[in-house]
Structure formats: structure tokens, C-alpha cells
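>>> Dropping a prediction and its sequence here:
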Amino acid sequence: MKNKFKIKCSLCGIEKNVSYKTFYAFYNYSKHKCCKSCTSKIAYRNNQNFGFRNGNIVSKETREKISKSSIGKIGKNRGIKLSEEHKNKIRLSHLKEKSYRWITDRTKLKKSERKDKDVQYIEWRTEVKIRDNYKCRLLNSDCRGRLESHHIFNWIDYPELRYVINNGITLCAFHHPRGRGEEKRMIPIFQELLSVSEV
């Protein structure tokens with residue numbers, strides 16, 4: 001037969017012709033699972049002989065002894081209620097300089113490149129939305145999606161204008177420009193909208 005391999009189960013001795021995929025799985029993962037009866041025999045045998053800890057062989061009597069000895073016992077720290085004073089002491093012992101992760105030279109701190117983590121950006125975004133009354137400036141029947149604060153002159157090319165409120169405009173997801181070309185084309189329109197609102 002084409003692409004057929006012969007396997008022999010070491011448990012029941014049955015020989016079978018199987019595909020390459022089954023043959024590969026049989027020899028790499030389980031040399032006994034040739035049929036459902038063999039699989040269930042192995043599962044039963046494993047459940048009888050093996051305990052739950054690290055695969056050690058534990059007899060049934062030993063498992064019953066362990067079960068009986070742990071009845072009524074509570075874990076080391078379970079159920080212990082700490083006072084507010086004690087909780088505060090623990091909190092203070094991990095604050096600032098006492099923390100093992102504290103960096104004494106504050107200039108070495110890594111600043112996140114992500115905008116959503118930047119406090120200045122978050123403030124700028126909020127100020128732009130407040131100025132525009134939390135509405136899309138191109139308000140029409142097409143408006144849909146969440147509100148976004150858009151940089152008129154983009155974030156990468158104009159770093160000096162990143163946090164200037166007049167460089168921002170509130171737009172819905174539908175009207176938010178997609179791609180650099182569309183952004184550049186929309187710059188004069190956005191500037192005109194802002195100049196009209198200031199007058």
C-alpha cells in the first residue's frame with residue numbers, strides 16, 4: 001500500500017497498517033495506544049499506581065493516609081487577618097528607596113515610547129477633547145466610532161508641536177485620516193476648522 005506503515009502494539013500485540021502521520025505519532029508519543037482498549041488499560045493502570053506529586057509511585061493505602069492526615073488542617077497563611085497597621089508597615093517597607101527595584105539615579109529611568117503611557121500626551125489629548133466639547137469637528141451623518149485626538153502636524157515629523165493644543169483636533173474613528181497622504185491633504189481643512197472656532 002502507498003504511504004502505509006506497519007505498527008505492532010507492545011501491549012496487545014496487534015499489527016496494523018497506518019498512515020505516516022499515525023505512524024509518526026505512535027513512535028514519538030505513545031507506543032501502546034493502538035486502539036481504544038489499550039488506551040483505557042494504560043489510563044486505568046496509571047491512575048492506580050501514580051500519585052499527584054511529581055509523578056512518584058504512591059500506593060492506594062498511602063494516598064488514603066495522606067488524605068486522612070490533611071483533613072481539618074489549614075494552610076500556613078490562610079485565614080490570617082492582618083490589622084490595618086500591619087498592612088501599612090508592609091506597604092511602607094516596599095516603597096521607593098526601600099524597594100529592591102528602586103533606581104537611585106532618576107535620569108536612568110526608561111521613558112516609554114508609547115503615547116498612552118506618556119502623562120503629557122494624556123493631558124494634551126484630554127485638553128483637545130474638552131476644547132472641542134467631546135464632539136467630532138467634522139460632525140455629520142457619517143460620524144461613528146470612538147473619539148480620537150488627532151495631531152494636525154504629525155507626531156514624528158514635528159516633535160516640537162506634540163503637546164501644543166492648537167495642533168490637535170477631535171475626530172471620530174470614521175473621519176480620522178488613514179495614512180500619511182490623507183493626513184497631509186487634510187491639514188489645511190483642519191486648520192481652517194480651528195481658525196473658524198477661535199473667531
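Thanks, I have the structure now.

>>> Could you tell me how far Glu84 is located from Ile90?
11 Å (Cβ to Cβ, to the nearest Å). Any C-beta I mention is one placed from the backbone N, CA and C, and that applies to glycine too.

>>> er, Arg101 actually
16 Å.

>>> which of those two has more neighbours?
The neighbour count for Arg101 versus Ile90, taken as other Cβ atoms under 10 Å, is higher for Ile90 (9 against 5).

>>> pull the longest helix from this protein.
Scanning the chain for the helix with the most residues, using DSSP state H, yields helix 180-198.

>>> counting contacts, what elements does it pack onto?
strand 168-172 (3 or more Cβ pairs under 8 Å, 6 or more residues apart in numbering; DSSP states H and E).

>>> and the longest helix of the chain, which residues are buried?
Applying a neighbour-count criterion of 16 or more other Cβ atoms under 10 Å, one finds Glu183, Met186, Phe190, Leu193, Leu194 buried in helix 180-198.

>>> Show me which of those residues is closest to Gly72.
Ranked by distance to Gly72 (Cβ to Cβ), the buried residues of helix 180-198 are led by Glu183 at 68.8 Å.

>>> Surely the closest one and Pro177 touch.
Yes: if you go by Cβ atoms under 8 Å, Glu183 and Pro177 touch, sitting 4.5 Å apart.

>>> which residues do these two both contact?
In terms of Cβ atoms under 8 Å, 6 or more residues apart in numbering, Glu183 and Pro177 are not both contacted by any residue.

>>> wait, is Glu97 part of a helix?
Yes: counting by DSSP: H, G, I helix; E, B strand; the rest coil, Glu97 is found in a helix.

>>> just checking, next helix/strand downstream of the lowest-mean-pLDDT helix or strand in the chain?
Every helix and strand in the chain was compared by mean pLDDT, DSSP states H and E; the lowest is helix 36-49, with a mean of 56. Downstream of helix 36-49, the next assigned helix or strand under DSSP states H and E is helix 60-69.

>>> helix or strand right after that next one?
Later in the chain than helix 60-69, the nearest helix or strand by DSSP H and E is helix 84-93.

>>> Extract the C-alpha trace of that following helix and format it as CSV.
The C-alpha trace of helix 84-93 is given here as CSV (Å, rounded to 0.1, in the frame of the first residue of the first chain):
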residue,chain,number,x,y,z
GLU,A,84,-4.5,47.9,59.1
GLU,A,85,-1.4,49.0,61.0
HIS,A,86,0.4,45.8,59.9
LYS,A,87,-0.7,46.2,56.3
ASN,A,88,0.6,49.8,56.3
LYS,A,89,4.0,48.6,57.7
ILE,A,90,4.3,46.1,54.9
ARG,A,91,3.4,48.7,52.3
LEU,A,92,5.9,51.2,53.6
SER,A,93,8.7,48.6,53.7
